[in-house]
Each structure stands twice: as C-alpha cells, then as structure tokens.
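Peer 1: need a 3D model of the sequence below.
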Amino acid sequence: MRLVSTVGFTLIAAMLAGCVTAPASTSATAPVAPSHLDTVQAAATLRICTPGDYKPFSFQKADGSYEGIDVDLMNGFAASLGAKPAWVKTTWANLLPDLAAGKCDMAVGGVSVTTDRQKKAFFSAPYMVNGKTPIARCADVAKYTSVAAIDQPGTRVIFNPGGSNERFARANFKRAQMTLHGENITIFDEILAGRADVFVTEAAEALTQQKLKPGLCAVNPDKPLQYGEMGWMLPRDDVAFKAYVDQWLHLNQAGGDFQRTMDRWLK
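Peer 2: Below is the predicted model:
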C-alpha cells in the first residue's frame, strides 16, 4: 500500500479546503426574486394587463367589466392558482412597458407573438394561429386581396397605434394613404362611413367584426397576408411561472375546455 507523502497530503488538504470554502463566495450574490407563481398564490390575486378593445379576445363593456376568449380563459387560470383576476386597463403602446414595470403578472387580449416583444418578455405557448387579414366594405373585397393590391395611391388604409397592426401597416404600405386612428373600437365604423377603405388586423377580429358590423367583410381570412400566432405575454426570466402557464394551457386544451371557450366566441 502506497502512502501519500507529507507534501502530497498537504496539497490534497489544501484542495479539499478550497472545495469546501468555494461555495461561500457565492453567498453574497443578490437574492433570487420570487416567482409570480408564488406571489400570485400568496396574494390570491392575478393582475392582468389588457387593452380591452379587441373582440373576441378581451373587450371592456360599458359597466367596466370584461368579456371575451382571454377573459374566460383567465378566469379558469386564476382559479387554478386559488386567485381572482384583477384587470389592469392599458393600451397597446403601453402593454409591454406596463408588464415590464411590474404593474401586472401577465398581459392578454389578442397579443401577437413577435420577436420584438420576445426580447423583453416571455410568451406562453401559442394558443392560436391568427394571421393578418384585411377587412373592408363587402362591395370592395375583390380590390384588397393582397398587399400589392392594397398598397395603391388611391387606397385609404387605417390602423390603430402601438401594436402589430401598426407595425404591419407601416412595413408593408408605402404608396397607400395612411391614417392612424387612436381607437381600435371605432376603426370599423370609419370604414363603414366611407372615411377609410381597409384595415388589416388578425383573422379572428376580422371575422368577429363582419358579424357585428353588417356591410363589412373579412378578405380571405383562411389565407392571411402574414402568418401570425397569439399567446399570453409573461414577465421575462420567470421560468417557473411560464412552465406553469404552459402546462395549464396544455391540460385545458387536451381536456376540451379550451375548444369549448373558442367555440363560444367564434362560432
């Protein structure tokens, strides 16, 4: 049996001592912030940012309450955490800043998944494919079947500020007459009144508004101008919360409740 020399033993002892004391150097690091998964349960309140102007996802009624696909889903999601939903009114321009500032635990209401937003926030797994689709007066549907057809000097394009609709309009329409309209709710009335010709939004909204506004028609909603997905926007770096959100959504879809919610609003 070989014996370890005194020098060797001293070296090994020093190495072991270093191994034992090394973790102590990490104890001074900043404490990890608690996950929203914990804080929501502790507060029994889920704070949800939404613009509340986007049927059929989230719409604020005259009495101040909210309705829509995301509203129904959030009621179930909040209940799974033993919490009640608390709606935080915002705008599309302030949706991401309000989430990043901690004014809410998540943001919903027909939010398109984009790489620009992904730089500053997490997204849930997408729950809907919902591409960009024009809506126009029914008599004019044949005029606006492509980006090139819309982007003509005589076309009056209207769009709402702060979200993916504005980004799409500014990126794709260079020759058309462009009008920024502050209220998403009344854009459709502008088209009916003849003060604008076409608005490009998500297919689900276009289909919903053609039912609500006789005289307006979605243009080829089954063949959108641009592929798009929708999801819920979540605080960046909160891995535990995102994992819970995704698993709840998966189980809700697999169990059929999700589809029943969609059918209630889209059929």
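
Peer 1: which residue is nearest the centroid of this structure?
Peer 2: Among the residues of the chain, the one closest to the centroid is residue 111, at 3.0 Å (Cα atoms, centre = their mean).

Peer 1: can you tell me how far that one is from residue 213?
Peer 2: The gap separating residue 111 from residue 213 is 23 Å, by Cβ to Cβ, to the nearest Å. For glycine as for every other residue, the C-beta is placed from the backbone atoms N, C-alpha and C.

Peer 1: got it, and residue 205?
Peer 2: Remark: distance between residue 205 and residue 213 (Cβ to Cβ) = 11 Å.

Peer 1: same question, residue 139
Peer 2: Residue 139 is 14 Å from residue 213, where distance means Cβ to Cβ.

Peer 1: these two - which one has more neighbours?
Peer 2: residue 213 (15 against 9; other Cβ atoms under 10 Å).

Peer 1: wait, that one sits on residue 188?
Peer 2: Yes. Using Cβ atoms under 8 Å, residue 213 is in contact with residue 188, at 5.1 Å.

Peer 1: check which element follows the worst-scoring helix or strand of the chain on mean pLDDT along the chain.
Peer 2: Within the chain, confidence by mean pLDDT, DSSP states H and E is lowest for helix 6-21 among all helices and strands, at a mean of 38. Going down the chain from helix 6-21, the next helix or strand is helix 36-43, by DSSP states H and E.

Peer 1: how about the helices in the stretch 51-200 of the chain?
Peer 2: With helices called from DSSP state H, counting those that start in this stretch, the stretch 51-200 of the chain shows them at 69-80, 95-100, 115-118, 147-150, 164-172, 187-192.

Peer 1: go through the ones you listed and name the closest to residue 88.
Peer 2: Among the helices of the stretch 51-200 of the chain, the nearest to residue 88 by Cβ to Cβ is helix 95-100 (7.0 Å).

Peer 1: export the closest one to PDB, keeping only CA atoms.
Peer 2: Output in PDB follows, covering the C-alpha atoms of helix 95-100 (Å, rounded to 0.1, in the frame of the first residue of the first chain):
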ATOM      1  CA  LEU A  95     -48.900  46.900 -22.800                       C
ATOM      2  CA  LEU A  96     -45.200  45.700 -22.800                       C
ATOM      3  CA  PRO A  97     -43.900  48.600 -20.700                       C
ATOM      4  CA  ASP A  98     -46.600  48.100 -18.100                       C
ATOM      5  CA  LEU A  99     -45.800  44.300 -17.800                       C
ATOM      6  CA  ALA A 100     -42.100  45.100 -17.600                       C
END
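
Peer 1: in a helix, residue 261, correct?
Peer 2: Yes. Assessed with DSSP: H, G, I helix; E, B strand; the rest coil, residue 261 lies in a helix.

Peer 1: check contacts around it.
Peer 2: 69, 72, 73 (Cβ atoms under 8 Å, 6 or more residues apart in numbering).

Peer 1: so which of those is the closest to residue 103?
Peer 2: Distances from residue 103 to the contacts of residue 261, taken by Cβ to Cβ, are shortest for residue 73, at 20.4 Å.

Peer 1: nearest residue to that closest one in space, please, no chain neighbours.
Peer 2: residue 261 (6.0 Å; Cβ to Cβ, 6 or more residues apart in numbering).

Peer 1: this structure - how does it break down into domains?
Peer 2: 36-129+229-266, 132-218 (automatic domain parsing).

Peer 1: regarding the closest residue to residue 135 other than its chain neighbours, which helix or strand does it belong to?
Peer 2: Distances taken as Cβ to Cβ, 6+ apart put residue 206 closest to residue 135, at 4.3 Å, once the chain neighbours are dropped. Per DSSP H and E, residue 206 falls inside helix 203-212.

Peer 1: so how far is that helix off the chain centroid?
Peer 2: 19 Å (Cα atoms, centre = their mean, to the nearest Å).

Peer 1: next, the buried residues of it.
Peer 2: Buried residues in helix 203-212, defined by neighbour count with 16 or more other Cβ atoms under 10 Å: 203, 204, 205, 206, 207, 208, 209, 210.

Peer 1: brilliant, that's me finished.
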